[in-house]
Every structure is written in C-alpha cells, then in structure tokens.
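# structure here, sequence nowhere to be found:
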C-alpha cells in the first residue's frame, strides 16, 4: 500500500495576478468568494507548470473534485492590487491530494521566479488556506492515480518531495 507523501520542502508555485474591477465590491475590496477561485487558478497553474495541463488529466478519465476547503482572511486585497497566488502540494497519496494556498500582496512591477522555496512566499499575507481532493473516474468512483496514470502520479510525487 502506498504511503502518503507530505511536502517537507515547501516549494511554492507563484502565479501573479492583478485584481480586476469585477472581483471587487463597491468599496474596492475583493469579494471573499474570489479567493476560492484564485486557489483553483493556483492549483491549475501549478499542475500546468509540471508539464501536464489539468485538462489532459481529465481527457484521460480522471477528475479531482474538492472535498474540503479552508480559508482564513487576514487582510483584504483591493481593486488593481498586484497579488501572488502561491500554491504548493501539501500531501499526496494514490487516491487523495491536498494543496496549501496563499494570496499575497506584492509591489507594483515586482517579479518573481515560477517556484519559491520556504519558509514562506514573498509579499504581505492576505489570505491562507487549502483544499483537499479525491481522485475519481468519470463515474465518480474513487480511482488510484498511481494505477490509472502512473507517470502523472510520479510527476506529482516528485514535486511534493522537492
């Protein structure tokens, strides 16, 4: 039986984003639900950065629905802010996967590498949280990623250990 891999090295994937007008309320503050969308953008871009767009995984018959979410709001993002969506693999097993996510405020025009090593990503922490997922097939039955798509499992496991 495969063991769960827990990310020890904490390598974060960084994805910059400028807060759009439509994401903020009348006060210019980002609507709280948008952070969950940004977490999803971070997960998608992390997987893409490893050489496999998530859409390809779905085409091969596997889905990765969210089964749990946590989100802590520390400070608001505002319209036109530059933020970083910071994402890392927190845990991985053949049937489950967890991500840690942070949204951080950065200065205008600042740029960062695609990956950032611990202890924490750059910028001012605005929101932190995570999502937990279960691999399922098209019939929504639990699936083992290591059996169905061993190459993708190896790629994700390597990133989780990096």
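Cool, got the structure. Given the structure is predicted, the values throughout are model-derived calculations rather than measurements. Numbering: from 1, shown residues only.

# so where's this structure uncertain?
1-9 (pLDDT under 70).

# so which residues of it form strands?
Per DSSP state E, the chain carries strands over the ranges 5-6, 12-18, 62-63, 66-73, 82-92, 96-106, 115-116, 124-134, 136-137.

# quick one: closest of those strands to residue 48.
For these, the distance to residue 48 is smallest for strand 12-18, at 9.4 Å, taking Cβ to Cβ. C-beta here means a position set from N, CA and C on the backbone, and glycine is covered the same way.

# residue 85 versus the residue positioned nearest the centre of the chain, what's the distance?
For the chain, the residue lying nearest the average C-alpha position, counting by Cα atoms, centre = their mean, turns out to be residue 43 (2.9 Å). Here the criterion is Cβ to Cβ, to the nearest Å. By it, residue 43 lies 9 Å from residue 85.

# what touches both of these two?
Contact with both residue 43 and residue 85 is made by residues residue 101, according to Cβ atoms under 8 Å, 6 or more residues apart in numbering.

# hang on, the earlier thing: is it possible to get JSON lines of the strands of the chain that adds distance to residue 162?
Shown next, in JSON lines, are those (distance: least, Cβ to Cβ, whole Å):
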{"stretch": "strand 5-6", "distance to residue 162": "11"}
{"stretch": "strand 12-18", "distance to residue 162": "11"}
{"stretch": "strand 62-63", "distance to residue 162": "22"}
{"stretch": "strand 66-73", "distance to residue 162": "24"}
{"stretch": "strand 82-92", "distance to residue 162": "9"}
{"stretch": "strand 96-106", "distance to residue 162": "14"}
{"stretch": "strand 115-116", "distance to residue 162": "8"}
{"stretch": "strand 124-134", "distance to residue 162": "18"}
{"stretch": "strand 136-137", "distance to residue 162": "26"}
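
# need the ones you listed in TSV with mean neighbour count and distance to residue 34, can you?
What follows is these, written out as TSV (neighbours: other Cβ atoms under 10 Å; distance: least, Cβ to Cβ, whole Å):
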stretch	mean neighbour count	distance to residue 34
strand 5-6	16	29
strand 12-18	20	10
strand 62-63	17	23
strand 66-73	12	11
strand 82-92	23	11
strand 96-106	23	9
strand 115-116	16	22
strand 124-134	18	10
strand 136-137	15	26
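
# give the contact list for the closest residue to residue 123 other than its chain neighbours.
In this structure, residue 123 finds its nearest non-sequential neighbour in residue 104, 3.3 Å apart by Cβ to Cβ, 6 or more residues apart in numbering. Taking Cβ under 8 Å, 6+ apart, we find residue 104 in contact with 83, 84, 86, 121, 122, 123, 124, 125, 126.
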